[in-house]
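Participant: A structural model of the following input is requested.
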Amino acid sequence: MVGSLAIAACGSSDKSTTQPGGSAAVLTSLDLSAPGNTLALNATMQLAATPKDQNGATYPATVAWNSGSNFVATITATGLVSAVAGGQAYMFATAGTLKDSTLITVVTGAYPSTAPVYMLPASYSPVQTDIAVGGTVQFVFPGLGHNVFFGSTPPGAPADIPGSVVNQTVSRTFNTRGSFGYNCTIHPGMNGTIVVH
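Facilitator: The predicted structure is shown next:
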């Protein structure tokens with residue numbers, strides 16, 4: 001999520017389902033994911049959202065997509081983003097009363113010098129972040145604890161962000177070109193990549 005995790009009220013025709021035991025399932029997250037946060041001019045990127053209930057189970061909700069700036073990038077009803085002009089635009093996913101978003105940067109030449117990475121319940125958003133050499137990534141931690149470990153990535157990765165970090169933003173600068181994988185040791189399978197150009 002480029003992205004943010006804003007919640008907004010919207011109308012919806014989606015209905016609650018009933019879980020085993022008779023308790024009603026409630027839509028609590030959209031789990032928006034993006035393969036990256038930058039696009040070259042005229043390139044495309046497929047976004048995805050997986051509505052989930054309070055127990056983490058898939059929730060049968062219809063997701064609507066829209067762009068915060070069609071002058072920069074457009075998005076189809078299925079979440080396919082198309083880069084139109086250089087700049088930044090939020091892509092919004094809405095279902096039920098929830099709205100989630102990710103920030104997309106359209107580059108016409110140089111890669112951005114700063115970029116955010118947001119922590120979802122069990123994934124990073126975007127999964128891949130592209131920045132210029134010497135650029136800084138802001139890792140945005142929510143109320144649920146996460147961390148960032150670069151492990152066995154190539155030499156030149158910045159310091160890890162250990163522990164269980166909550167409700168803060170921690171920046172790391174990347175001074176070496178390359179592809180740097182990272183993961184959250186608290187949530188197995190939660191992986192991301194920083195590509196430094």
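Participant: pLDDT below threshold where in the chain?
Facilitator: Counting by pLDDT under 70, the chain shows low-confidence ranges at 1-22.
Participant: walk me through the domains of it.
Facilitator: Annotated domains of the chain cover 1-109, 110-197 [automatic domain parsing].
Participant: turn these into a markdown table, including mean neighbour count.
Facilitator: C-beta: built from backbone N, CA, C; applies to glycine. A markdown table is the format used below for the domains of the chain (neighbours: other CB atoms under 10 Å):
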| stretch | mean neighbour count |
| --- | --- |
| domain 1-109 | 17 |
| domain 110-197 | 17 |
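Participant: residue 181 contacts residue 192, correct?
Facilitator: Yes: look at residue 181 against residue 192 with CB atoms under 8 Å: they come within range, at 7.3 Å.
Participant: so what does the residue nearest the centre of the chain have for phi and psi?
Facilitator: Nearest to the geometric centre of the chain sits residue 125, at 2.2 Å (CA atoms, centre = their mean). The phi/psi pair for residue 125 (degrees, to the nearest 10) reads phi -140, psi 120.
Participant: try residue 185
Facilitator: Dihedral angles (degrees, to the nearest 10) for residue 185: phi -80, psi -10.
Participant: that one contacts residue 151, doesn't it?
Facilitator: No: between residue 185 and residue 151 there is no contact under CB under 8 Å: 9.2 Å.
Participant: any shared contact partners between residue 181 and residue 192?
Facilitator: Common neighbours of residue 181 and residue 192, counting by CB atoms under 8 Å, 6 or more residues apart in numbering, are absent.
Participant: kind regards, and thank you for your time.
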